[in-house]
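Asker: With the input below, show me the fold.
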Amino acid sequence: MIIKKFASFLLKKRIIFAIIFVFIFVRLSLNVIYSQVPEEKSNINSTYYNLVRESAPLCKTPKRISYDALLEQGNRYIKFHHEYKPLAPKPNSTEPGVVQPVKHKYFFAMNLYNNQEIIPHLLQELLRVFEYLGPQNIYFSLYENGSGDSSKYILSMFKVTLDKLGIRNIVSVDREQKPKSVHRIEYLAKLRNKALEPLETESLNGRKYDKIVFMNDVVFCRNDILELLYQSEHQQSDMTCPLDFDTGGPDGREILFRDTWVARDLGGESFHKGLNDM
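Answerer: Numbering: from 1, shown residues only. Next comes the predicted model:
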């Protein structure tokens, strides 16, 4: 009985801590003002423009910083920046001249469930992605359902941040839980379609998106998403999927490919856990 009470006490402490963390995160985000006003005209209040510059803690480790430096060599992602203005030769001249940037539009969809521990990380890096691509170029759709932790409260506060930033969004939190009679994959497909539903309304209103980015509870850093966009453009692919990794092995420090159940290579063969077998 004492153990149960102690466990319940710890759970309540974790929930309270998560709520306080996100409240502070939202307050700090909305109070940071950068002096640089974007060159590109936007209907977004400049007070809330380019708010998130700081990486999440897991994205600031020495090895991650070195990896990001490698990725960013040669301005790899610069064409996706909302202020990027490429140069093109002027008519009847070899001298370069400024042309209008390509204004890509991005639809981000996400499903979450009982993720209070990692939501602060996900949201911080997600805002860094939005800052880079341009808040005016983003639509964010999130569908959460059935969570028994503080996910709903955290996400509701995140919507306040999105609204202040001028990012078009819909954040749906639902009490619905998976019925026992429904197959897991069928149910997951339904949840993902819920997150994608706003695309229909957007299409009816004449809005089109160049890229659809679908996400869940896998931890990422900003450049991971930019790399997906880069590979999508570079390979001219209809669909670009990342590889999710986990740790394991005898000492728990071996890096392993995670989702072997559904992943297939170009030849239709399944992936193996070990990196050397991929």
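Asker: any weak-confidence spans in the stretch 151-278 of the chain?
Answerer: Across the stretch 151-278 of the chain, the ranges flagged by pLDDT under 70 are 277-278.
Asker: Mind doing that once more with 80?
Answerer: 249, 252, 266, 271-278 (pLDDT under 80).
Asker: how about the strands in it?
Answerer: Along the stretch 151-278 of the chain, the segments classed as strands by DSSP state E, counting those that start in this stretch run 168-174, 211-215, 245-248, 254-257.
Asker: For the ones you listed, could you give me JSON lines that also reports distance to residue 122 and mean neighbour count?
Answerer: Glycine gets a C-beta too; all of them are placed from N, C-alpha and C. Converted to JSON lines, the strands of the stretch 151-278 of the chain look like this (distance: least, CB to CB, whole Å; neighbours: other CB atoms under 10 Å):
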{"stretch": "strand 168-174", "distance to residue 122": "13", "mean neighbour count": "17"}
{"stretch": "strand 211-215", "distance to residue 122": "8", "mean neighbour count": "17"}
{"stretch": "strand 245-248", "distance to residue 122": "17", "mean neighbour count": "13"}
{"stretch": "strand 254-257", "distance to residue 122": "21", "mean neighbour count": "14"}
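Asker: Which of those sits closest to residue 109?
Answerer: strand 211-215 (4.9 Å; CB to CB).
Asker: Pick out the residue closest to the middle of the protein.
Answerer: Computing the C-alpha centroid of the chain and ranking residues by CA atoms, centre = their mean puts residue 126 first, at 4.1 Å.
Asker: just checking, next helix/strand downstream of the host helix or strand of that residue?
Answerer: Using DSSP states H and E, residue 126 sits in helix 119-133. Going down the chain from helix 119-133, the next helix or strand is strand 138-145, by DSSP H and E.
Asker: strand partners of that following strand, parallel vs antiparallel please.
Answerer: Strand 138-145 sits in its sheet next to strand 106-112 (parallel), strand 168-174 (parallel), going by DSSP bridges.
Asker: Figure out how far that strand is from the centre of its chain.
Answerer: Chain-centre distance of strand 138-145: 10 Å, with CA atoms, centre = their mean, to the nearest Å.
Asker: Please apply the same query to stretch 253-269.
Answerer: Mean-position distance between stretch 253-269 and its chain equals 22 Å (CA atoms, centre = their mean).
Asker: Stretch 147-163 now?
Answerer: Its chain's C-alpha centre and that of stretch 147-163 lie 15 Å apart, by CA atoms, centre = their mean.
Asker: Equivalent analysis for stretch 248-260, please.
Answerer: That offset, for stretch 248-260, works out to 24 Å (CA atoms, centre = their mean).
Asker: Start and end of that stretch, how far apart?
Answerer: Counting by CA to CA, to the nearest Å, you get 14 Å between the two ends of stretch 248-260.
Asker: Can you pull the domain assignment for this protein?
Answerer: Per the record, the chain has its domains at 56-82+101-242, 244-277, by the TED database.
Asker: Tell me which of the ones you listed sits most buried.
Answerer: Ranked by mean neighbour count, the domains of the chain are led by domain 56-82+101-242 with a mean of 16 (mean count of other CB atoms under 10 Å).
Asker: quick one, which of the strands paired with strand 138-145 is nearest to residue 199?
Answerer: The closest of the strands paired with strand 138-145 to residue 199 is strand 106-112. By CB to CB, the value is 6.2 Å.
Asker: can I get the CA coordinates of that closest one in PDB?
Answerer: What follows is strand 106-112, C-alpha atoms only, in PDB (Å, rounded to 0.1, in the frame of the first residue of the first chain):
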ATOM      1  CA  TYR A 106       4.500  22.800 -45.900                       C
ATOM      2  CA  PHE A 107       1.800  20.800 -44.200                       C
ATOM      3  CA  PHE A 108       2.900  19.200 -41.000                       C
ATOM      4  CA  ALA A 109       0.800  16.400 -39.400                       C
ATOM      5  CA  MET A 110       1.500  14.700 -36.100                       C
ATOM      6  CA  ASN A 111       0.000  12.000 -33.900                       C
ATOM      7  CA  LEU A 112       0.900  11.800 -30.200                       C
END
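Asker: quick check: angle from it to strand 211-215?
Answerer: 10 degrees (axes from the mean of the first three to the mean of the last three CA atoms, to 10 degrees).
Asker: pLDDT on strand 106-112, on average?
Answerer: Averaged across strand 106-112, pLDDT comes to 97.
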